[in-house]
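Colleague: Test case, fold it:
(2 chains)
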Amino acid sequence: MQVEIEDLYISFPGPGGAHPAVRGVDLAMGTEKLAIVGESGSGKSLTARAILGLAPQGAVVRAKKLLFDNIDIASASPRALSAIRGRRAGLILQDPKFALNPVMTAGRQIAEPLRLHKKLSAKAARAAAVDLLALVQIRDPHEVAERYPHELSGGMGQRVMIAMMLAADPELLIADEPTSALDATVQAEILRLIEDLVSRRGMGLILISHDLPLVAHFCDRVVVMYAGRVVETLRAADLVRTTHPYTQGLLACLPSLNHPRRRLPVLVRDPAWIS
Amino acid sequence: MITVEDLRVRFGGFAAVRGVSFAVGKGKSFGIVGESGSGKSSVLRALAGLIRDWQGSILLDGAPLGTHRPRAFFRRVQMVFQDPYGSLHPRQTIDRQLAEPLLVHGIGDIDARIPRALDEVALPANLRFRYPHQLSGGQRQRVAIARALIAGPDALLLDEPTSALDVSVQAEVLNLLADLQSARGLTYILVSHNLAVVAHLCPLIGVMLAGELVETIGVDDLRAGRIAHPHTANLRALAVELEEV
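Modeller: Numbers count the residues shown, from 1 in each chain, chains lettered A, B, ... in the order given. Take a look at the predicted model:
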C-alpha cells in the first residue's frame, strides 16, 4: 500500500472568492505509522480525507497526484472508490456518539462491512463481529454486540468503531482525532490498541491530532501542518530536536506536570510560515 | 470562600456524588480531576445551582446555600462550560449576550462595559456585533469568560474550560485565567480530566473516583509523587508518560 500526494489543493468557494484550506501539500507514505499534527483549520483532516475521496460537499480538490496504491482518487469511479473506502482503507472518527448508527446494535454495525465486503453469511458475519469485539479488548463481546450505541461508554463506542473498521482487513487506517472525546486513561488505552493492531496486522496508519507529544508516542513519522501547508516532516524520535518554531511552539504550549511554569509560552505566529 | 461539606447528588437510583467535602479560600483555586462519570461535573453543577436535588451543605462565605439560588448568588458566582458553542446563543450577537447579565442584575453603563469586557479577555472590539459562528473556538471561549465576568463575580466555576480547544489556544486561555485571577482576586473551582491543566492553575487538587473525593493533594506533593491513593498515582503516571516526547 502506498499513498502519494503531490501538490494537493482543497478550496471552498465563498462570497469573497475561493477560500483555500489546503495549499500545496506533498505527502508520501507506505506501511508506516504517520501522524498529521496541526491546529483546527490547518487542513490536516481534509488532507487525510482526500485520500478516501471524502472531501466535504462544495470543496474543490485538485492535485498533481492523489494516489492510493496507484489508484487516482480524483478520477476514480464511485465503484472504485467504494472498493477503497471501508475495505482497503478505514476511517475512525472523533466521536463514536455521532459516527455510529444510533438505531443499529454494535454487532450488526460491525457485521455490515463483513457482509458487504467479504460476502459472509449473516450468521458468519455475526460470529466474526463478536470475534472482532474481543480483538479490540471488549471483555464481554457477546453482550456488547447486542447493545445500541447509547448503551456504550465513549471508550467502548470507540472500540466498536475500530472493530468495524478492522472488519474488512484494511491496509490503511485513518484515525481522525480518535481520542479527543475520551478521558485521559481511556485515551491512552485506545491509542495503544490502535498502535498494537496496526503493527500486528502490518497496516498503515494515519493518526490525526492536535496533541503533538501524544501522537508522537504512537507513530514513526510526524507531519506538522499549519494553515494548509506542511511546515515540517520529521521522525517522531527527532521531535525534541525540531528546528521549526511552529513545532517548537506546539510542544512548548502544553502545561506540564514535570516542568511547571508560571505562564505558558504562547505561539507567536510568523507570517513567514505560510509563505 | 466556598465550602462544600458531605455533598451528595443522586440521579434516580444512581449516586453520582457520594459525600464530597472541600474548601476554597478567597482568591484561591481548587482543582477537581477525574474521569467521565466520576461525578466531578455534578459537584460543579450542584454548586452552580444547576442541580436542585442534592444533600449536604454548600457554604458561600459561611452562609449556607439552599436549593434555590437568589439572583445575588449569580452575581457572585458564575460558571464557564466546556463547549462555548453550546453555551452561547447561536442567534444572538456577542453584544446582546454580554448585555444580558448586566440587564438581569440591573447594572447600568452597558455601552461602556461591553468593550471593556472584550478588552479584558483580549478580544478585538470589532467582534462585538458578530455572532458565535463567526468566531473561532478560542474566541468563543473568551466570550464565555467575558460573559461570566461582566457582572463582576468573585468566583468562577470552570467546567473543562479548555478541553474543546487546540493546545495552542488552551495555553492562551489558561494564561488569561491566571491573569484575570491575579488582577481581580477571583476564586476558581476548575474541573478537568487533564491533570496537567488542573495542576497548572490550581495549588490544591481533589481527585475524584466513582463519586468520591479519594484524595486532596497539594500540587507540589503531586509533582514530587508524594501520593496516597493509587488512582492519583495512576493519573499522574499517565500524564507524565504522555507529556514526554
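Colleague: where exactly do the strands run in chain A?
Modeller: Taking DSSP state E as the criterion, chain A contains strands spanning A:3-14, A:17-29, A:33-37, A:60-62, A:65-68, A:71-72, A:89-92, A:172-176, A:204-209, A:221-226, A:229-235.
Colleague: which ones are touching the residue nearest in space to the middle of chain B?
Modeller: Centroid-nearest residue in chain B, with Cα atoms, centre = their mean: B:L158, separated by 0.8 Å. Taking Cβ atoms under 8 Å, 6 or more residues apart in numbering or on different chains, we find B:L158 in contact with B:79-80, B:177, B:188-191. Bear in mind the C-beta positions are built from the backbone N, C-alpha and C, glycine included.
Colleague: and the residues you listed near chain A, which?
Modeller: Among those, no residue lies close to chain A (Cβ under 8 Å from any Cβ of the partner chain).
Colleague: Among those, which ones are in strands?
Modeller: Those of the contacts of B:L158 lying in strands (DSSP E): B:79-80, B:188-191.
Colleague: Show the buried residues in these.
Modeller: With burial judged by 16 or more other Cβ atoms under 10 Å in any protein chain shown, the buried subset of the ones in strands among the contacts of B:L158 is B:79-80, B:188-191.
Colleague: which residue sits closest to A:S40 in space, ignoring its chain neighbours?
Modeller: Once flanking residues are discounted, A:S40 sits nearest to B:D166: 5.5 Å by Cβ to Cβ, 6 or more residues apart in numbering or on different chains.
Colleague: ok, how many other residues are close to that neighbour?
Modeller: Applying other Cβ atoms under 10 Å in any protein chain shown, we find 22 residues neighbouring B:D166.
Colleague: where does it fall, phi/psi-wise?
Modeller: phi -60, psi 150 (degrees, to the nearest 10).
Colleague: In a markdown table: the strands of chain A, plus mean pLDDT.
Modeller: Below are the strands of chain A laid out as a markdown table (pLDDT from 0 to 100):
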| stretch | mean pLDDT |
| --- | --- |
| strand A:3-14 | 94 |
| strand A:17-29 | 93 |
| strand A:33-37 | 95 |
| strand A:60-62 | 93 |
| strand A:65-68 | 95 |
| strand A:71-72 | 94 |
| strand A:89-92 | 93 |
| strand A:172-176 | 94 |
| strand A:204-209 | 94 |
| strand A:221-226 | 95 |
| strand A:229-235 | 95 |
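Colleague: Near chain B, which residues of the stretch 151-275 of chain A are found?
Modeller: A:153-154, A:183-186, A:188, A:210-214, A:216-217, A:239-240, A:249-251, A:253-258, A:260, A:262-267.
Colleague: could I get the strands of chain A as TSV with mean neighbour count?
Modeller: Listed next are those as TSV, based on neighbours: other Cβ atoms under 10 Å in any protein chain shown:
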stretch	mean neighbour count
strand A:3-14	18
strand A:17-29	17
strand A:33-37	25
strand A:60-62	14
strand A:65-68	20
strand A:71-72	14
strand A:89-92	24
strand A:172-176	24
strand A:204-209	25
strand A:221-226	23
strand A:229-235	17
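Colleague: hang on, B:L65 packs against B:G56?
Modeller: No: taking contacts as Cβ atoms under 8 Å, B:L65 lies outside contact range of B:G56: 10.8 Å.
Colleague: Could you pull up the residues touching B:Q97?
Modeller: B:88-89, B:143, B:147.
Colleague: State the pLDDT value of it.
Modeller: Predicted confidence (pLDDT) for B:Q97: 94.
Colleague: does it sit in a helix, a strand or a coil?
Modeller: helix (DSSP: H, G, I helix; E, B strand; the rest coil).
Colleague: Neighbours of the nearest residue to A:S180 once chain neighbours are set aside, how many?
Modeller: Nearest residue to A:S180 in three dimensions, chain neighbours excluded: A:Q94, at 5.4 Å (Cβ to Cβ, 6+ apart). Using other Cβ under 10 Å, A:Q94 is surrounded by 20 other residues.
Colleague: Contact partners for A:Q94?
Modeller: A:Q94 touches A:176-178, A:180-181, counting by Cβ under 8 Å, 6+ apart.
Colleague: Same check on B:Q141?
Modeller: Contacts of B:Q141 by Cβ under 8 Å, 6+ apart are B:80, B:84, B:161-162, B:164-165, B:169, B:173.
Colleague: ok, of those, which one's closest to A:R108?
Modeller: Taking Cβ to Cβ as the measure, A:R108 sits nearest to B:A164 out of these, at 31.6 Å.
Colleague: where does chain B come near chain A, residue by residue?
Modeller: Checking chain B against chain A by Cβ under 8 Å from any Cβ, the hits are B:35-37, B:136-137, B:166-172, B:174-175, B:178, B:193-197, B:199-200, B:219, B:222-223, B:234-236, B:238-245.
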